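Trainee: Generate coordinates for the sequence data below:
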Amino acid sequence: MEIKQLKSTNGFVIYDLPGADTYVGPTRLGAKLAPGNAEMLVRHQTYVFGLLEEQKSGATIGLKVDPDDTEAAVAAVAEEMLADFESQSFLTSPGLRLNRNSLEPVLRYDKRNSLTLADRDGVSFEEELLGLGAATAAALAVKPTNDWKVAIEGFNQVGLSVAREVERLGGHVERIATSKGCVTGQFDSSTLADAWMDSGVNCIEKLGAPGKPWDVWKADVDAIFVGSKPGAISGEGANGVATTPVIATSPAAISSKALAILRRNGAPAISDFLTGVGPALVWWASSEVDAEELRATTVNTVTHLLEEIDGHEDGAFMAACYKAEAFIESWQETRPFGRPLG
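Mentor: Purely as a prediction, here's the structure:
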């Protein structure tokens, strides 16, 4: 992993693998950004490409400036890295404290399929695909025969997408948690959408009597989706869920200690870089391919990957790592140190 300091503004660029065809990852902004805090974000994307057998790499841009200096910093990086953006060798998207308007001087060069940005009833198509991949993985892990119930930690727009896809697969949401607390009930996706669109992370106050955020770690559901932050599920949380399948929906959401405990307890753990392949399947897809075809491709890809690694003695998470790493090692001199774990 290489870290280069920007010359035109205070900030840095992280490149995961040398010699990649394309580098992909978010641009983040904040005066206190540290490269070390973004390494697993970058590694997550590298492993997505590894599973898809593409010679591409994760990357990220960090702008270490105050929000008031956003315009000048974005303009500076747009000029400094112009050749990379014009050639499509570096593709980025809005991350922490940025949106598409503030990052427009960079994004104007991005020629990826814009369908990922399409609104799908309050969420983007990219968020829909993340939810679709996660729900598909959960259903394969649970193998439900009738109604099944799930919990969603770090409920957000991807969580809303998960809820919709779980419903399509015959399940329902029993519990959600945000940074403001946790609430239990039997929630349909329409109710969750209304609460989220109206109140964001405070939506739990509209859905019931909130408990503590860590109340989400209970084994009384069929699957738990994890996605609030890197390392969202700790060792303590892993002990709480017992043998319940855990499905990551954001980069490095499963901590290394949690993974060890889940493996010891025999709980399936599905990696974020496997559930998150959907967007990468769309970015370079033909503009003639419609959303339903891309949804089907996402389902088929996630299903094929999980079937390929099913039954591995080290569990689904590590088996996915091995598969991604086998491809990475086919075109890199050495495998990068460190797996996408919080």
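Trainee: Would you map the helices across this structure?
Mentor: Secondary structure of the chain (DSSP state H): helices at 39-51, 70-80, 82-86, 104-107, 125-142, 157-168, 189-199, 204-207, 235-241, 256-265, 272-275, 278-283, 291-309, 315-331.
Trainee: shouldn't residue 47 be in contact with residue 340?
Mentor: Yes: between residue 47 and residue 340 there is a contact under Cβ atoms under 8 Å: 5.4 Å. For every residue, glycine as well, the C-beta is placed using N, CA and C.
Trainee: hey, what's in contact with both of these two?
Mentor: By Cβ atoms under 8 Å, 6 or more residues apart in numbering, residue 47 and residue 340 have these common neighbours: 271, 273.
Trainee: The closest residue to residue 110 other than its chain neighbours: how many residues sit nearby?
Mentor: Taking Cβ to Cβ, 6 or more residues apart in numbering, and ignoring the residues beside it in sequence, residue 110 has residue 91 as its nearest neighbour in space, at 5.7 Å. Neighbour count for residue 91, taken as other Cβ atoms under 10 Å: 21.
Trainee: Same check on residue 264?
Mentor: Neighbours around residue 264, by other Cβ under 10 Å: 10.
Trainee: Could you do residue 236 as well?
Mentor: Count around residue 236 with other Cβ under 10 Å applied: 12.
Trainee: what sits against it?
Mentor: So residue 236 contacts 214, 217 (Cβ under 8 Å, 6+ apart).
Trainee: Look up how far residue 214 lies from it.
Mentor: 8 Å (Cβ to Cβ, to the nearest Å).
Trainee: correct me, but residue 43 touches residue 340?
Mentor: Yes: the criterion here is Cβ under 8 Å, and residue 43 meets it with residue 340 at 4.8 Å.
Trainee: Buried residues in the lowest-mean-pLDDT helix or strand in the chain, which are they?
Mentor: None of the helices or strands of the chain scores lower by mean pLDDT, DSSP states H and E than helix 204-207, at a mean of 93. In terms of neighbour count (16 or more other Cβ atoms under 10 Å), helix 204-207 has its buried residues at 204, 207.
Trainee: And stretch 209-224, by the same measure?
Mentor: Under 16+ other Cβ under 10 Å, the buried positions of stretch 209-224 are 210, 213, 215, 216, 217, 218, 221, 222, 223, 224.
Trainee: One more: stretch 335-342?
Mentor: So stretch 335-342, judged by 16+ other Cβ under 10 Å, has buried residues 336, 339, 340, 341, 342.
Trainee: Max pairwise distance over those residues: which two?
Mentor: For the buried residues of stretch 335-342, with distances taken as Cβ to Cβ, the pair at the greatest spread is 336 and 342 (16.7 Å).
Trainee: Grab the nearest non-local neighbour of the residue nearest the centre of the chain.
Mentor: For the chain, residue 250 is the residue whose C-alpha lies nearest the centre (Cα atoms, centre = their mean; 2.9 Å). Here the nearest residue to residue 250 in space, its sequence neighbours aside, is residue 227; by Cβ to Cβ, 6+ apart that works out to 3.9 Å.
Trainee: returning to that earlier point: other SSEs contacting the least confident helix or strand of the chain?
Mentor: Judged by 3 or more Cβ pairs under 8 Å, 6 or more residues apart in numbering; DSSP states H and E, helix 204-207 is in contact with strand 171-178, strand 181-187, helix 189-199.
Trainee: Compute the first-to-last residue distance for stretch 31-41.
Mentor: The first and final residues of stretch 31-41 sit 18 Å from each other (Cα to Cα, to the nearest Å).
Trainee: Could you do stretch 269-282 as well?
Mentor: End-to-end for stretch 269-282, by Cα to Cα: 25 Å.
Trainee: Return the distance of it from the chain's centre.
Mentor: 7 Å (Cα atoms, centre = their mean, to the nearest Å).
Trainee: same check, this time on stretch 162-177
Mentor: That offset, for stretch 162-177, works out to 18 Å (Cα atoms, centre = their mean).
Trainee: Any buried residues in that stretch, and which?
Mentor: 162-167, 169, 171-177.
Trainee: Same check on stretch 98-109?
Mentor: Quick answer for stretch 98-109 (16+ other Cβ under 10 Å): 98, 102, 103, 105, 106, 107, 109.
Trainee: cool, and stretch 263-279?
Mentor: Buried-residue list, stretch 263-279, by 16+ other Cβ under 10 Å: 263, 267-279.
Trainee: so which of these comes closest to residue 195?
Mentor: Using Cβ to Cβ, the buried residues of stretch 263-279 come closest to residue 195 at residue 275, 23.9 Å.
Trainee: wouldn't that closest one be in contact with residue 129 here?
Mentor: No: using Cβ under 8 Å, residue 275 is not in contact with residue 129; the gap is 9.8 Å.
Trainee: Format the CA atom coordinates belonging to stretch 329-337 as CSV.
Mentor: Written as CSV, here are the backbone C-alpha positions of stretch 329-337 (Å, rounded to 0.1, in the frame of the first residue of the first chain):
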residue,chain,number,x,y,z
GLU,A,329,-1.3,-13.2,-6.3
SER,A,330,-1.7,-14.1,-10.0
TRP,A,331,-0.7,-10.6,-11.0
GLN,A,332,1.1,-9.2,-8.0
GLU,A,333,4.5,-10.2,-6.8
THR,A,334,3.2,-10.4,-3.2
ARG,A,335,-0.2,-10.4,-1.6
PRO,A,336,-0.9,-7.2,0.3
PHE,A,337,-0.6,-7.4,4.1
